[in-house]
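>>> Let's see this in three dimensions:
(2 chains)
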Amino acid sequence: MHAVLDGAASPAEERELRQYLAANPAAQAEFDALRGLFETLARVPAVNPPADLAEGIVKKYTPPYRGAHKLFSWLRVSGISLPTIFLGEIQMGQQAPFARKRLVWAAVSVAVIAAGVSYFVFDVPPSDQLAGTITPAQRYRSAEPIQTKDVKLADQSVAQALQSDVVVKAIKDPQFQAVAANPQAMQALAANAQAFQAMAANPQAFQAMAANPQAFQAMASNPQAFQAMAANPQAFQAMASSPQAFQAMAANPQAFAAFANSPKAFQAAAANPSAFQAMAANPQAFQALAANPQAMQALAANPQAFQAMAANPQAFQAMAANPQAMQALAASPQAFQAMAAHPQAFQAMAANPQAMQALAASPQAFQAMAAHPQAFQALAANPQAFQAMAANPQAMQAMSANPQAFAAAASASMASQSK
Amino acid sequence: MDREPDDALVERLRRGDNAAFRQLVLKYQRPLYNAAFRVLGREEDARDITQVVFLRVAERLGGYDARYKFFSWVYRIALNESLNLLRRAGREEPLEDGGDGTPAEDADPESRLGAAQVSKEVQKALMQMKFTDRAVLTLRHFSECSYEEIADILELKVETVKSRLFEARGRLRTLLKHMATA
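Below is the predicted model:
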């Protein structure tokens, strides 16, 4: 009764109820009473919110980046902009004494940050090439060897500062573009997991960074940064759900190659089901990736990375739906072999006629596939895929040159026909 | 009227587009206000809750999972905040009397008086029920959510939603019958 009155019953269920009610007066009375309740509730009018409610809410709305604006405001008052911090172009203009004092302090801070970043991030001077380069001349050596207590580490506040909320807030500021334009600054940020997570979770910041090839390369060359992102489903999702950010990354072959060539980074992403699903579940993002032959080539050239993707049928299907991506894949025997080793992935591809056509047009890919009986069986078990293959003489030739593959295909074909 | 999907508006908001926030407010203020009024019974509380919902949206946008509907998310926040408000005020137990609300101006003027009376009686009955009953009845009958949507908002199974609706309707019928005969 409730389902019928709620409009959630099927026509058959409704018919069944009508027949039942026709034969049961008591049930009919109950149904009428219930319908009366529905009618009463339907007569309850909507209430009008106060006229000023919406405007009041909008006025009270504080963009989440207000804190960072304060930081930038302070820097502007001091005559310092973010680019000057990162580029070291501090200009001594006509400052008031107080502002000048603050500027001196800021300059000192910049020097400390620069020293710290150089020491901790860029490894300057290189820690593994110290011998023979900075050994003091004999005349400057002390008679007593240097003790541990004599060694003072660089200011730890630099490392702490990079972990602080200030960095996170700075990333969220619209002026982040100025930072993103600076590869060194980006490298420093990329070395910081917390900072990176904040950046990846902020599509605007991510776009600013991804739009700058140099900056992206600096970041992409840091597996830790990608791991940090991949380990954070929210961050990864933020990136994957931003087609523009993803496209920017996919459109940058160097950046993508850096990512795809870092098995640890890619594995970290691929090993995180929710992160990978987020990417794979976003057709626009994945299409952006798949539509970029260079990016796909970079990906395909990395068997480990490819295996990680091939193990995810959803992701694979998205890729298989793109002929260009498939061609890039088919042109890489290594990638193809990696894929062929995953029956699930292969089935996803075989079920896609467009993908099969792209594949069938590549003898190299076919040869690579023919070397994998399992892969071939998966393909042959799919009538559509088999037809696409059979219609291509080159493909058939490649297959027939491999007895194992042919036997596998034949047995699979026989099995599917006997079903 | 702009019919931009919620997902697109949320994405714009995440990119710092404040106009998207305004659009979401304009789209949801009325349904949220109505839902809050039906479960709380006071217009000033409904106003507060509607404001709080959008405050929470701004605060928690980073944690919003785009796989779920924005619609379900804001309703869930509204109901949770409503329950919190009742608990803080020690009003979790059913009230003796509730407000009646001002009928919307787009209602038929001739039936407005009758509708106002119906609204008052139904609201009075609702306020004598448990919060969970009010929530499920409000979502179904005033917010016009489907079983699936209610299940999503209340994080329940669809079958549980159906059984809760069945029981809540039974209790509401009894209350309205008593009020009619009193």
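
>>> What segments of chain B are strands?
Residue ranges of strands cannot be listed for chain B, since DSSP state E assigns none.

>>> Quick test: name the residue nearest the centre of it.
Within chain B, the residue whose C-alpha comes closest to the C-alpha centroid is B:Ala35; the distance, by Cα atoms, centre = their mean, is 2.0 Å.

>>> Who are the contact partners of the residue nearest to B:Ser143 when sequence neighbours are not counted?
In space, not counting the residues next to it along the chain, B:Ser143 is nearest to B:Ala35; the distance is 5.2 Å by Cβ to Cβ, 6 or more residues apart in numbering or on different chains. For the C-beta atoms, the positions are set from N, CA and C on the backbone; glycine is no exception. Neighbour list for B:Ala35: B:75, B:78-79, B:138-139, B:142-143 [criterion: Cβ atoms under 8 Å, 6 or more residues apart in numbering or on different chains].

>>> I'd guessed B:Leu165 sits against B:Leu139; true?
No - contact criterion Cβ atoms under 8 Å: B:Leu165 and B:Leu139 do not qualify, at 9.2 Å.

>>> and B:Thr174, what pLDDT?
For B:Thr174, the model assigns a pLDDT of 92.

>>> Please apply the same query to A:Ala3.
Reading off the confidence values, A:Ala3 has pLDDT 92.

>>> got it, and the one 4 residues further on?
The predicted structure scores A:Gly7 at 88 on the pLDDT scale.

>>> For chain B, see how far away it is.
Between A:Gly7 and chain B the distance, using Cβ to the nearest Cβ, to the nearest Å, works out to 9 Å.

>>> Likewise for A:Ala46?
Using Cβ to the nearest Cβ, we find A:Ala46 at a distance of 5 Å from chain B.

>>> Give me the phi and psi angles of that residue.
Here the main-chain torsion angles of A:Ala46 (degrees, to the nearest 10) amount to phi -70, psi 150.

>>> For the chain, give me the ranges with low pLDDT.
Since you didn't name a chain, this refers to chain A. Regions of chain A meeting the criterion pLDDT under 70 cover residues A:62-419.

>>> The chain in question should be chain B.
Those would be B:1-3, B:92-114, B:182, if you go by pLDDT under 70 across chain B.

>>> need the helices for it, in chain order.
Per DSSP state H, chain B carries helices over the ranges B:6-14, B:18-40, B:43-60, B:70-88, B:109-127, B:131-137, B:147-154, B:158-181.

>>> Among those helices, which comes closest to A:Val47?
helix B:18-40 (5.3 Å; Cβ to Cβ).

>>> and the angle from the closest one to helix B:6-14?
Between helix B:18-40 and helix B:6-14, the angle comes out at 120 degrees (axes from the mean of the first three to the mean of the last three Cα atoms, to 10 degrees).

>>> which residues touch A:Ala8?
Per Cβ under 8 Å, 6+ apart, neighbours of A:Ala8: B:146-147.

>>> one more time with 7 Å
With contact set as Cβ atoms under 7 Å, 6 or more residues apart in numbering or on different chains, A:Ala8 has these partners: B:Tyr147.

>>> Would you agree it falls within a helix?
No - counting by DSSP: H, G, I helix; E, B strand; the rest coil, one finds A:Ala8 to be coil, located in no helix.

>>> what's the spacing between it and B:Leu79?
According to Cβ to Cβ, to the nearest Å, A:Ala8 and B:Leu79 sit 21 Å apart.

>>> Just give me the neighbour total for B:Lys157.
Counted by other Cβ atoms under 10 Å in any protein chain shown, the residues lying close to B:Lys157 total 11.

>>> let me redo that: B:Gln128
Other residues lying near B:Gln128 total 20 when counted by other Cβ under 10 Å.
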